[in-house]
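**Student:** when you get a sec, could you give me coordinates for this:
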Amino acid sequence: MRDDGRMSPVSGPAPGSPAAFGPTAFQLVLLRRMADYQPVLVEEALRELGTDRTAMREANRRWQAMLRSPRQRGAGARYRSVLGPPESTGERRVGELTFEAALWPVPLWPGLRFEVLAAPGGAVWNEWLVRAPGTPGPELRTPEDLRPWSCTVDEVARAFAPVRPMEGTAPGRWQLAFGAYVADFTWGLLQQVTHR
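**Tutor:** Numbers count the residues shown, from 1 in each chain. So this is what the prediction gives:
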């Protein structure tokens, strides 16, 4: 989604085609988890991709099959096989630990990147959407500034510190509590803010 709220055009093979599972199908996997919170935004995204909920469910089914496959090579290798070479890689320190951070563009959200943090040996520690390097995020001063799909976990945590991380309701989901509010995120992207 562009910063003006409109989707960016996406090219590539039709998500429902028998072609290899690639970036377009991966975006459908991201949307599948977001549909519980933002069905209208997801419908707009599906129209932009030229597809529908059936293709979204099929992409999610194929993704889940890859996750459970006894032949899977590990999450880091899986992302490279699906998304291609990362746009950039680098080291990221979290406390005392050092991770490899790999970033991929996500055409539906050109101001964001899909980040995978992998420990030495390739085990994935975290996987979510983050702001693209050098891209300004939104100004977040009050809870009213927190619009769905406008900001990431890190941006909300910085703007409304101190926050309390809470366990999400499913894989790929996170919550942050701050003041009288709870923010829900899917794949690191804000979905909704509710009163506690």
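**Student:** strands along the protein, start to end?
**Tutor:** 88-94, 97-105, 112-118, 124-131, 164-167, 173-178, 181-186, 189-195 (DSSP state E).
**Student:** what about those strands, which gets the closest to A157?
**Tutor:** Closest to A157 of the strands of the chain, according to C-beta to C-beta: strand 173-178, at 6.1 Å. Heads up, the C-betas are built off the backbone N, CA and C, glycines and all.
**Student:** angle of the closest one against strand 189-195?
**Tutor:** On the basis of axes from the mean of the first three to the mean of the last three C-alpha atoms, to 10 degrees, strand 173-178 is oriented at 40 degrees to strand 189-195.
**Student:** residues touching strand 173-178, excluding its own?
**Tutor:** 33, 128, 153, 156-157, 160-168, 182-186, 188, 196 (C-beta atoms under 8 Å, 6 or more residues apart in numbering).
**Student:** what's the angle between that strand and strand 181-186?
**Tutor:** Using the same axes, to 10 degrees: strand 173-178 against strand 181-186 is 160 degrees.
**Student:** circling back: could you identify which of the strands of the chain is most buried?
**Tutor:** Mean neighbours per residue, mean count of other C-beta atoms under 10 Å, is largest over the strands of the chain for strand 112-118, with a mean of 23.
**Student:** what's the average pLDDT for it?
**Tutor:** Averaging pLDDT along strand 112-118 gives 95.
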